[in-house]
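1. Quick one, structure for this:
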Amino acid sequence: MVPIQPARQLGASVSSPTIDCTACGACCFGGHDRYIALLPQDRDRMIPTTATTDIAGQRFMTMSCGHCAQLVATPEGRLVCAIYDDRPEACRAFRAGSFECNKARQHRGAQAEALRDFAIAQKPTSPPHGEAVPILVPGQVPGADAPAAEPLSPLP
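-> As a prediction, this is how the structure comes out:
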């Protein structure tokens, strides 16, 4: 196993030597819309249908600007999953400090860091009660409330 390196050396957004999968966000970046496939185990999860995309009859998490659209920034500048408790099985299988985690941090850490910096620059001066704020990127329209989560329809 690859030893855990301080996050700054790997280009991730965490400044401590401890890998924290609720702060980095590097694993949420992917090069294509089929990056996070929903599996049969995800049927009963409370994933908002607006958070998924159907491609050729299979459901995937919606991607936005190269990362999962459920990636949000906290007022402290952490990148976290907006549906962490109901995240898909593929995300649950991605373990902090694993080979895959270290590869994501090496290859996507700079992107996560840039997004974190962008989110910090864009965030409201005082978010309500320390809540996470969506990451706004050019072309997105802020303000619309997301519909309530509901179980996904059965997968093919």
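2. got any ranges where the chain has weak pLDDT?
-> The chain contains residues with pLDDT under 70 at 1-18, 123-156.
3. Okay, helices next: where are they in it?
-> According to DSSP state H, the chain carries its helices in the segments 7-10, 89-92, 99-122.
4. between those helices, which gets nearest to residue 71?
-> Go through these one by one with CB to CB and the one that ends up closest to residue 71 is helix 99-122, at 7.6 Å. In short, each C-beta sits where N, CA and C put it, glycine included.
5. Can you point out the buried residues in the closest one?
-> By 16 or more other CB atoms under 10 Å, the buried positions in helix 99-122 come out as 101-102, 104-106, 108-113, 115-116, 119.
6. go on, stretch 87-94?
-> Within stretch 87-94, the residues that qualify as buried are 87-88, 90-91, 94, counting by 16+ other CB under 10 Å.
7. separation between the residue nearest to residue 36 when sequence neighbours are not counted and residue 78?
-> For residue 36, ignoring the flanking residues on the chain, the nearest one in space by CB to CB, 6 or more residues apart in numbering is residue 61 at 3.9 Å. Using CB to CB, to the nearest Å, one obtains 19 Å as the distance from residue 61 to residue 78.
8. ok, those two, which is more surrounded?
-> Counting neighbours by other CB atoms under 10 Å for residue 61 and for residue 78 shows that residue 61 has the greater number, 29 against 18.
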